[in-house]
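In: Fold the following for me, if possible:
(chains A and B, ligands or ions: 2)
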Amino acid sequence: MAEEFNPEDVKQTCESYVKKKGALAFGLANIETLDRIAPEGCRPADMLPKVRSVLTVGVGGGTRGSWSADAKTLAYIGDTETMAYRIAYGLAFYIEAKFGYRSIFVPPDMNPEKGARVPMQSLKLHAEVAGIGARSMAGDILLHPEYGMMYYASVFTEMELPPDEPMADNPCPHPSCVKLYRQSGQTPCMRFCPVECLSGSIGNDDKVEEMNYDSHACAEMSQQYEAIPSVLLDTLDAKDPIERGMALHGPENQVIWYKLSIGAGELLSLCYECMRVCPITQTAPMANPVARGAGMRQKVIEAEAAARAEQAAEKGE
Amino acid sequence: MAYGVTQQMIDTFGEIVFKLSLNKQTRRGDPVRELDFAAIETTRAETGLTDEEIAERIGLLPEQVGVVRVFTERKYHKIDQHRRIFHLGGGKRWKKEDYRSPAERLQFREEAMKLRESINFKPELVARYIEDGYWINETLNGWLCDHAENTPDKTAILHPGGDVTYQELKSQVDHLTNGLMSLGLMKGDVVAVQLPNTLDFVVSYLAITAFGGVMQTIHMPYRDADIEFFLDHAQARAVICLPAFKDFPTAEVMLTMKEKLGALEHVITIGDTAPEGSLSLNDLKIEGTPKIENPPVGSDPFLLLYTSGTTSNPKGVPLTYQNMMSNARVSVAEFEMTADDRNLSAAPFSHLYGLFNLHVALSAGATNVLLPAFSPPDLAKLVEQTKATTLFLGPAHATAMINAGLMEAHDFSSVRFSVFSGAACPAQMMEDYRAKIPGTVISQLWGMTETAGATYCRYNDAADVPLRSAGRASPGDEVRVVSAEDGTPLPADTEGELQVRGCSVFPGYLNNLEANADAFTEDGWFRTGDLATIDEAGNLSITGRTKDVINRGGVKFNPADIEDLIILHPGVEMAAIVPVPDPALGEKACCFITLLGDDSVSLDDLCALLDEKKVAKNKWPERLEIVDEMPLTPTRKVIKGKLIKRL
Ligand code: SF4
Ligand code: SF4
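Out: Numbering: from 1, shown residues only, chains lettered A, B, ... in the order given. Ligands and ions are numbered 1, 2, ... in the order given. As a prediction, the model looks like this:
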């Protein structure tokens, strides 16, 4: 007899799968909600017409060491997004193999035809609607009260599973940030952003009133693919051979060609200075990978103990 | 332009497109998490729209929005932004007030770039100097900082006003550096200095070079016409001088120059009260350690000296730290100079020789004894008072002291090492000098503004070497004698044209393509214009000159300029100035003239004319010969050799 399809159990199975693979958080976003928010062309059905569920996974940020590394190093190692992608890719295969529903790993890429930094699908929106992150003062980077900053990846599937709700509360701004804001008019992330791309205000209810993010400034510092056309135009506009040579070979630009020549998909992704000073990123209970490791071990110990107890019960001990 | 977009369209819609796009995002409250769809809708434009949404809203095609957007993004693009990532982190928090992009920090004026363009060494030679350790990344201020840190209480300067330790010198230099930078002076700017060998000179020199400035020296006897030429040619931005020197109203003249010359912005005078229109050097000083964003490095030019040549105007000789510091550093060991020495330069610091000596002493961390103005008794007294151990002087200085009996009248026993340079050194004079200081070692040094201290006798050379030669090439330098006809190197002890190559040799004249084309051989040898022989051991003896220059006590000048002025005299038809040997000065100028009419012309008449033309006194002829006819070449050039033979 065919196994009865129990959406809650299947959802639980998927969650176990991704967590075993190293994800910290898992959730499902409500497609109707996404359709109401995402612009035309960027909705789940625009990519997978018969999509019934949007699954999203979050993996933890960099190691403790990475937060104390210099900025250039952190810019390269601070992101763990490929870990999230790998897990989501696996999840898509897993669903097809185990449950027989068509699934896709949602490409995390931009759709430049749509505009500046417009993604094909907003992974951020999926994660937020699925309740595994809330928008922060730091350019809407999602934060989680338990895991701090995470990287996210999504899977679209034709299998229908029950969606989750967005988080009930937003951990940002952290109480210490509110205090600093009251004193200085700035939160830590605003204050330490090197290109001053963050500003905003906190209301009397200690919640974000307004968040302003100059993503052009943030991206042109850290996302170097943005700079390539400008570098080429600067080269054409250069007024002498030295300036022309510098436009192409200057140390700040050479890294672009280096990354291109070794075929690395990831250029620098963020400068992370806002996250380096963010109390949530730095002090959330499971934000620390060491603590996470301990937490995991604890869970394994508990699970093994439970399994032993179960076996013992079965044997009637 | 693409899709019917015009520049006007970009200008018109650029800002609103940029604002509506995801380039700028504003979120009010937390509407997505709270699923407040009404708020999401009303603030959609603030959170960032796609090009299609923007197109719909402002009435362009989406493709047109794309074009307008990318051109506007480019307008806001700062190519330097992502450089900031190199300056962050590592536990240090980012402070925007601490960050200045390299493009802002490392600025040079156009004039400074011109000067830098004249730094033109042969790459293969540079590689050798660096690989062999002659050229390193050292600066004058680097030395000062080292001494101030390692031997803070050691006396750096002994001057008529007292003594100054290295730490005190560093702080005086810091304060003046702050002051000069507060005037807007920046790296690469030329600051001219017309000062005697005083503490103010040393502090000014170190302060100018501390922020990366280039010091131009102007010899003390120079007057209006020369000064104008020097300041203009160097594009000096500031000048540091005395309010007045003897009968010369220095500050007044410099202020006139400020009016005349576009580049000259500041006249700074020594002392507490500055003549109107000038700044007081003392008032300029600002306490604190200077914050230098564009610091000098070893390869930078830091000195701009001028030399006379065969062309009608003096030539600017830019010198880099690597040129001069390497020359001084390697010479310390050859002279066996140590930090315990008290060094006295009788030569003015406005000359290469005086500066070379100052550098050697600074490199050793020795004490510099300052003699503001040479007079035989002052020099003799200072040696005795300060117990100077090393003395750098010219033959004229020594001759004057010997003739006046001053070396017997004063105690010279402290002087363990004496170096002679600047003019031909008669062996008899040097022997007499040595005889008066038992135990002293004498040395002869040969150099030019273009070569620095190129050859010299070592401290441990045999006693006869300095009597007959100016020693061997300084480490890192090479000397050779070549045939004047075909440039082939000549065997030992054969007279020929002297050429020099090496780490101390200048990189080329400032803004003087013509002179540069002649100055060097293909393989980088500098044609000195001097005639010389080199013995088997490599010791150099200067025997004459291929170029027409008078060397009066170390002050070299081209007589052509003076001749041009003398023929302005109504009674003079032709004029030719030649050197005449002089026991004290090495050479003096003798002027041959032919007359136009029957009226005679006296030496006084000519000197009065030169005085009127504001020519420095040390260029005036000191002897006049009236001849009926000048010996001329077929092209009517005076054959000066024939005139010299008549003397
Ligand atoms: S990643 Fe860097 S540039 Fe971007 S918002 Fe954070 S601090 Fe600012
Ligand atoms: S530092 Fe972190 S918690 Fe504080 S306001 Fe910024 S993003 Fe929010």
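In: Please spell out the segments of the chain that come in under the pLDDT threshold.
Out: I'll assume chain A. For chain A, the stretches flagged by pLDDT under 70 are A:1-3, A:222-227, A:251-253, A:255, A:258-269, A:294-304, A:314-317.
In: my bad, the chain I had in mind was chain B
Out: Applying pLDDT under 70 to chain B flags the ranges B:1, B:78-96, B:308-313, B:547, B:633-637.
In: what's the residue of the stretch 51-200 of chain A found nearest chain B sitting at in phi/psi?
Out: Nearest residue of the stretch 51-200 of chain A to chain B, counting by CB to the nearest CB: A:Ala71, 3.1 Å away. In this view, the C-beta of every residue, glycine as well, is placed from N, C-alpha and C. In terms of degrees, to the nearest 10, the main-chain angles of A:Ala71 are phi -60, psi -40.
In: That one contacts A:Met275, correct?
Out: No - A:Ala71 lies out of contact with A:Met275 (CB atoms under 8 Å); the separation is 11.6 Å.
In: can you pull out the strands in chain A?
Out: Secondary structure of chain A (DSSP state E): strands at A:25-29, A:53-60, A:103-105, A:134-135, A:142-144, A:148-157, A:198-202, A:208-214.
In: among those, which is nearest A:Asp164?
Out: Counting by CB to CB, A:Asp164 lies closest to strand A:25-29 out of these; the figure is 4.4 Å.
In: could you give the angle of that closest one to strand A:53-60?
Out: 150 degrees (axes from the mean of the first three to the mean of the last three CA atoms, to 10 degrees).
In: could you say what helices and strands strand A:25-29 packs with?
Out: helix A:7-20, strand A:53-60, helix A:123-129 (3 or more CB pairs under 8 Å, 6 or more residues apart in numbering or on different chains; DSSP states H and E).
In: which parts of the stretch 151-300 of chain A sit against chain B?
Out: A:166-167, A:170, A:192-196, A:207-217, A:220-222, A:224, A:227, A:229-231, A:233-234, A:247, A:251-253, A:268, A:271, A:273, A:276-277 (CB under 8 Å from any CB of the partner chain).
In: What subset of these is buried?
Out: Neighbour counting by 16 or more other CB atoms under 10 Å in any protein chain shown classes A:166-167, A:170, A:192-195, A:208, A:211-217, A:220-222, A:224, A:227, A:230-231, A:234, A:247, A:252-253, A:268, A:271, A:273, A:276-277 among those as buried.
In: List, out of those residues, those positioned next to ligand 1.
Out: A:Cys193, A:Val195, A:Met221, A:Ser222, A:Cys271, A:Glu273 (CB under 6 Å from any ligand atom).
In: Next up, the contacts around the first one.
Out: When you say that, I think you mean A:Cys193. Contact analysis of A:Cys193 by CB atoms under 8 Å, 6 or more residues apart in numbering or on different chains lists A:Ala138, A:Cys218, A:Glu273, A:Cys274, B:Trp94.
In: ok, and the most crowded of these?
Out: Using other CB atoms under 10 Å in any protein chain shown as the neighbour criterion, A:Ala138 leads these with 32 neighbours.
In: circling back to that earlier point, so which of the strands of chain A comes closest to B:Arg223?
Out: The nearest among those, by CB to CB, is strand A:208-214 at 60.7 Å.
In: So which residues make contact with the closest one?
Out: Strand A:208-214 is touched from outside by A:135, A:137, A:139-140, A:170, A:172-173, A:195-203, B:23-30, with contacts defined as CB under 8 Å, 6+ apart.
In: try it again with 10 Å
Out: Identification of contacts with strand A:208-214 by CB atoms under 10 Å, 6 or more residues apart in numbering or on different chains yields A:134-141, A:170, A:172-173, A:177, A:187, A:189-190, A:193, A:195-203, A:220, B:22-30, B:46-48, B:76.
In: list residues touching both of A:Ala71 and A:Met275?
Out: A:Gly78.
In: And the chain, split by domain according to the record?
Out: Chain wasn't specified; assuming chain A. Chain A resolves into domains spanning A:7-168, A:175-214, A:224-266 when parsed by automatic domain parsing.
In: not quite, I wanted chain B
Out: Split by automatic domain parsing, chain B gives B:2-77, B:126-135+B:320-546, B:138-297, B:549-646.
In: With mean neighbour count and distance to ligand 2 as new columns, can those be given to me in CSV?
Out: Putting these into CSV (neighbours: other CB atoms under 10 Å in any protein chain shown; distance: least, CB to the nearest ligand atom, whole Å) gives the following:
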stretch, mean neighbour count, distance to ligand 2
domain B:2-77, 18, 12
domain B:126-135+B:320-546, 20, 47
domain B:138-297, 20, 31
domain B:549-646, 17, 69
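In: To chain A, which of those lies closest?
Out: domain B:2-77 (4.0 Å).
In: Alpha carbons of the lengthiest helix in chain B, as CSV, please.
Out: Across chain B, the longest stretch assigned as helix under DSSP state H is helix B:166-182. The C-alpha trace of helix B:166-182 is given here as CSV (Å, rounded to 0.1, in the frame of the first residue of the first chain):
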residue,chain,number,x,y,z
TYR,B,166,68.5,65.3,18.1
GLN,B,167,65.2,65.2,20.0
GLU,B,168,65.0,69.0,20.2
LEU,B,169,65.9,69.2,16.5
LYS,B,170,63.2,66.8,15.6
SER,B,171,60.6,68.7,17.5
GLN,B,172,61.7,72.0,15.9
VAL,B,173,61.5,70.4,12.6
ASP,B,174,58.1,68.9,13.4
HIS,B,175,56.7,72.4,14.3
LEU,B,176,58.0,74.1,11.2
THR,B,177,56.8,71.2,9.1
ASN,B,178,53.3,71.8,10.5
GLY,B,179,53.6,75.5,9.7
LEU,B,180,54.8,75.0,6.1
MET,B,181,52.0,72.5,5.5
SER,B,182,49.5,74.9,7.0
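In: could you say what helices and strands that helix packs with?
Out: Packing contacts for helix B:166-182, counted by 3 or more CB pairs under 10 Å, 6 or more residues apart in numbering or on different chains; DSSP states H and E, involve helix B:140-150, strand B:155-159, strand B:162-165, helix B:199-210, strand B:238-241, strand B:266-269, helix B:281-284.
In: where's the helix or strand following the fifth one relative to the chain centroid, distance-wise?
Out: Past strand B:238-241, heading to the C-terminal end, the next element that is a helix or strand (DSSP states H and E) is helix B:250-260. Average the C-alpha atoms of helix B:250-260, do the same for its chain, and the two points are 22 Å apart (CA atoms, centre = their mean, to the nearest Å).
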